[in-house]
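J.: here is a sequence with its predicted model. Questions after.
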Amino acid sequence: RERAAQETALECRQLAERVQDLTGQVEAYKDRSGILDKENSDLQTKMQEEAEASAQAVKKLEDELLTAQTRFEEQQAQAERDMQQRLGSGAEASAALEAEKAALTE
């Protein structure tokens, strides 16, 4: 009977040690899980910041493109007006020369 009690006590100690070991493992996993959660949160924050920075960069480039397109269109319109003016002046000069030529040949 005493031997059975000793064996039971030994089994209880072994079970208690096993429970303590498993409790330690659970705590270690919880700690690791907390660290991973923090790392995940930090990465999500960083990704959000990078996405916002990228969106701002895209917006800036779109604004620069629009400004360049507008400037190009304005310059193109001015060049067309200048060409029309030159053509008009050239036509007037040509008509004047033709008139002088006609006057001289008469």
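T.: Now that the structure is in, tell me what you want to look at.
J.: when you work out contacts or count neighbours from here on, use the C-alpha atoms and nothing else.
T.: Will do.
J.: and the pLDDT at the spatially most central residue of the chain?
T.: In the chain, the residue lying closest to the centroid (CA atoms, centre = their mean) is Ser54, at 2.2 Å. Per-residue pLDDT puts Ser54 at 98.
J.: now swap in Glu106 and tell me
T.: Taking Glu106 on its own, its pLDDT is 73.
J.: and Glu100, how many neighbours does it have?
T.: Residues near Glu100, counting by other CA atoms under 10 Å, number 12.
J.: which element, helix or strand, includes it?
T.: Following DSSP states H and E, one finds Glu100 within helix 2-105.
J.: and Gln25, how close does it get to Gln75?
T.: Distance, Gln25 to Gln75, using CA to CA, to the nearest Å: 74 Å.
J.: returning to that earlier point: next one: the helix holding Glu100 to chain centre, how far?
T.: Relative to its parent chain, helix 2-105 has a centroid offset of 0 Å by CA atoms, centre = their mean, to the nearest Å.
J.: which other helices and strands contact that helix?
T.: Of the remaining helices and strands, none touches helix 2-105 by 3 or more CA pairs under 8 Å, 6 or more residues apart in numbering; DSSP states H and E.
J.: the residue nearest to the centre of the chain and Arg81, how far apart?
T.: 40 Å.
J.: likewise Ala96?
T.: Computed as CA to CA, the Ala96 to Arg81 distance reads 22 Å.
J.: buried residues in stretch 39-47?
T.: By 16 or more other CA atoms under 10 Å, stretch 39-47 has no buried positions at all.
J.: give me the mean pLDDT for that stretch.
T.: The model assigns stretch 39-47 a mean pLDDT of 97.
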